[in-house]
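S.K.: generate coordinates for the sequence data below:
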Amino acid sequence: MAESLVLLGLAVGLTLGASPGAEASDAGSLLGRPEAWDYGPAMRSVAAKFTGTKGVVIHIGDSITYAAPYTAWAREGKGKTPEDEAILEWSHCGERNELDGWYLASHEVGDFWSYTAASGIRADQYLAGGYAGMASLDDVIGRYNPQIAIVMLGSNDSWQGRPANEFAGDMNRIIRRLLDNGTVPVLSTIPPMIPARELGDQYNAELWKLAEHHKLPVIDYPGEIIGRRQDGSWNGTILNKDDPHPTASRAGVTPESEPTPENLRESGYLLRGWLSVKKLIEVRERVWELETGEHND
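M.R.: Residues are numbered from 1 along each chain as shown. From the prediction side, this is the model:
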């Protein structure tokens with residue numbers, strides 16, 4: 001599939017992987033690398049500038065974000081906790097309108113692109129707009145005015161061999177434009193991959209540097225993948241074989257399955273969708289200093 005070939009690229013070393021001592025058998029545990037900084041104060045200053053509708057969360061990315069399985073657990077998944085249900089209600093999940101970022105990410109507008117994500121897109125192309133019909137970043141921000149943006153870009157940049165410093169410069173511009181809007185960015189590191197391992201490591205290292213510089217929340221997706229299969233068997237299980245695209249349905253597990261420790265080891269899209277929901281719960285509590293079920297923020 002053409003979009004799969006475009007995305008081939010990255011590997012992430014164990015230095016960017018699971019936290020020491022993390023065990024995949026821990027029920028409901030997060031196994032990735034945590035931020036070494038408290039992003040709450042910095043992001044509260046950003047959030048104070050926000051003037052839009054509460055709970056608008058957009059998902060910026062390429063095919064790993066555009067693919068419907070990414071948002072499937074949020075929209076239709078099993079095994080949600082009351083906190084999960086509350087954050088999804090807060091983020092307008094299921095409304096299927098311009099407030100519902102889960103819908104905006106997965107609803108196909110053209111061939112292989114949605115309102116906020118496109119297969120094959122690079123960070124510089126997202127900034128500029130026009131790729132496969134996609135709007136520019138400025139237009140996306142202006143139209144949806146998100147309170148939070150989950151951003152995963154870089155797989156295509158890596159596959160096409162862009163130097164890490166060029167990618168980092170574009171990501172810094174993306175982050176700054178979101179911050180200037182009063183939007184809290186949540187950076188996601190990109191999946192591990194066997195080809196271009198060294199460049200993939202450099203990309204994720206740059207993302208961590210940017211996150212530390214701006215004091216941003218981070219989803220360590222490769223760490224979560226590697227932490228669940230530390231023997232390397234994630235290649236061909238959580239991810240498609242030699243391909244950074246997450247798996248959808250395999251071994252009896254689907255992106256809508258209950259997020260048990262066993263199931264999170266099988267479907268890469270179940271894992272990514274569940275991680276985004278859990279990170280939103282954390283970000284809302286730390287930045288707005290409210291429990292997830294409260295509605296007066």
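
S.K.: could you list the low-confidence segments of the stretch 101-250 of the chain?
M.R.: Along the stretch 101-250 of the chain, segments meeting pLDDT under 70 span 193-194.

S.K.: now the strands for it?
M.R.: All strands of the stretch 101-250 of the chain, identified by DSSP state E, counting those that start in this stretch, fall at 148-152, 184-188, 218-219.

S.K.: of the ones you listed, which is nearest residue 176?
M.R.: Evaluated over the strands of the stretch 101-250 of the chain, closeness to residue 176 peaks at strand 184-188, with 9.4 Å, by C-beta to C-beta. Bear in mind the C-beta positions are built from the backbone N, C-alpha and C, glycine included.

S.K.: ok, and what's touching that closest one?
M.R.: 43, 46-47, 61, 147-152, 171, 174-175, 178-179, 207, 210-211, 214, 216-219, 221, 279-280, 283, 287 (C-beta atoms under 8 Å, 6 or more residues apart in numbering).

S.K.: can you check stretch 108-123 too?
M.R.: Under C-beta under 8 Å, 6+ apart, the answer for stretch 108-123 is 2-3, 6-7, 58-63, 65-66, 101, 104-107, 126, 131-134, 140, 144, 153-154, 156-157, 160, 162, 167, 170-171, 174.

S.K.: now for the strands of the stretch 101-250 of the chain, which one comes closest to residue 249?
M.R.: strand 148-152 (21.1 Å).

S.K.: just checking, what packs against that closest one?
M.R.: Where contact means 3 or more C-beta pairs under 8 Å, 6 or more residues apart in numbering; DSSP states H and E, strand 148-152 is packed against strand 57-61, helix 164-180, strand 184-188, helix 268-288.

S.K.: let's see it at 7 Å
M.R.: Contacts defined by 3 or more C-beta pairs under 7 Å, 6 or more residues apart in numbering; DSSP states H and E place strand 148-152 against strand 57-61, strand 184-188, helix 268-288.

S.K.: sheet partners, orientation included, of that strand?
M.R.: Strand pairing for strand 148-152, determined by DSSP bridges: strand 57-61 (parallel), strand 184-188 (parallel).

S.K.: residue 93: which of these is closest?
M.R.: strand 57-61 (8.7 Å).

S.K.: other SSEs contacting the helix or strand following that closest one?
M.R.: Using DSSP states H and E, the next helix or strand after strand 57-61 towards the C-terminus is helix 63-66. Packing partners of helix 63-66 (3+ C-beta pairs under 7 Å, 6+ apart): helix 101-106.

S.K.: and the contacts of the helix it packs on?
M.R.: Helix 101-106 is touched from outside by 56-59, 65-66, 68, 70-71, 74-75, 91, 93, 96, 114-117, 144, 146, with contacts defined as C-beta atoms under 7 Å, 6 or more residues apart in numbering.
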